[in-house]
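> The amino acid sequence is not available; the structure is as follows:
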Ligand code: PBE
């Protein structure tokens, strides 16, 4: 089948996620850059997007989603990124940790751990897959921590324990960020913190840290996906650098589809 046939099958609809996600604006840009005026991107959620994938795979039907790695969907299904010759979705992305101003002086122990925190795509992927297979989120994070004590010790080595101090983390309920936030929350708890985790929309996540209402987040995708949010809020918070390198976003389809590039949708 050609891109045009798929267009008819799919009602010219790409299955998106929450409207506030950076990948949604990138996908809108892609429609313009590749002249895909007939196509729309439907807003839903990470969960609805993976549901649409599952439904398509059941009947080997076409589907196009806004997708990213790390994500368990690549372990569960045979998927491919559509080529993006114009680079609308950018090159590899890093996921950065941001903290509120003054966190270093107010909570030096948490600051140190958050500054040291760095892991790999595979690490994050392991927690995502466990959750996908039905494990409770916190349990999945605990299992990963238990299996990776040496790495976690690198983040916490020489950091003093604290006595029940409250720390507030914010995140967006994307499966990747559910994994990372649960994990780092447990590491902070193990150090003696009382940790809260609030799921927000992407712009409110940035705003909360910039306003100092929240202490930290580990969910900023750069240089492209969240660049508009960093532009708005970055000056009022501190970037602790990448906690994960080599993430990726784009349009994702089942391997069994006969197209390889976003251009094929024209
Ligand atoms: N994502 C996952 C986010 C960042 C993390 C790619 C869906 C976004 O598009 O904003």
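Arrived safely, thanks for sending. Small disclaimer: the values here were computed from a predicted structure and weren't measured.

> what residues are up against the nearest residue to residue 265 once chain neighbours are set aside?
Leaving aside its sequence neighbours, residue 265 sits nearest to residue 3 (C-beta to C-beta, 6 or more residues apart in numbering; 4.3 Å). The C-beta positions use only the backbone N, C-alpha and C, and glycine is treated the same way. Residue 3 is in contact with 259, 264-266, counting by C-beta atoms under 8 Å, 6 or more residues apart in numbering.

> Neighbour count and secondary structure for these - can I get that in CSV?
Conversion of the contacts of residue 3 to CSV gives the following (neighbours: other C-beta atoms under 10 Å; DSSP: H, G, I helix; E, B strand; the rest coil):
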residue, neighbour count, secondary structure
259, 20, coil
264, 17, helix
265, 25, helix
266, 15, coil
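
> how far away is residue 232 from residue 160?
Using C-beta to C-beta, to the nearest Å, residue 232 is found at 35 Å from residue 160.

> For the closest residue to residue 202 other than its chain neighbours, what are phi and psi?
Of all residues not flanking residue 202 in the chain, residue 20 sits nearest, at 4.3 Å (C-beta to C-beta, 6+ apart). Main-chain torsions, residue 20, degrees, to the nearest 10: phi -80, psi -10.

> interface residues of the stretch 151-266 of the chain facing the ligand?
Applying C-beta under 6 Å from any ligand atom, we find that the stretch 151-266 of the chain lies next to the ligand at 174, 176, 202, 221, 225, 249.

> May I have the phi/psi pair for residue 201?
Per degrees, to the nearest 10, the backbone of residue 201 is at phi -70, psi 160.

> Next up, the contacts around the residue nearest to it when sequence neighbours are not counted.
Nearest residue to residue 201 in three dimensions, chain neighbours excluded: residue 20, at 4.3 Å (C-beta to C-beta, 6+ apart). Contact analysis of residue 20 by C-beta under 8 Å, 6+ apart lists 172, 201-203.
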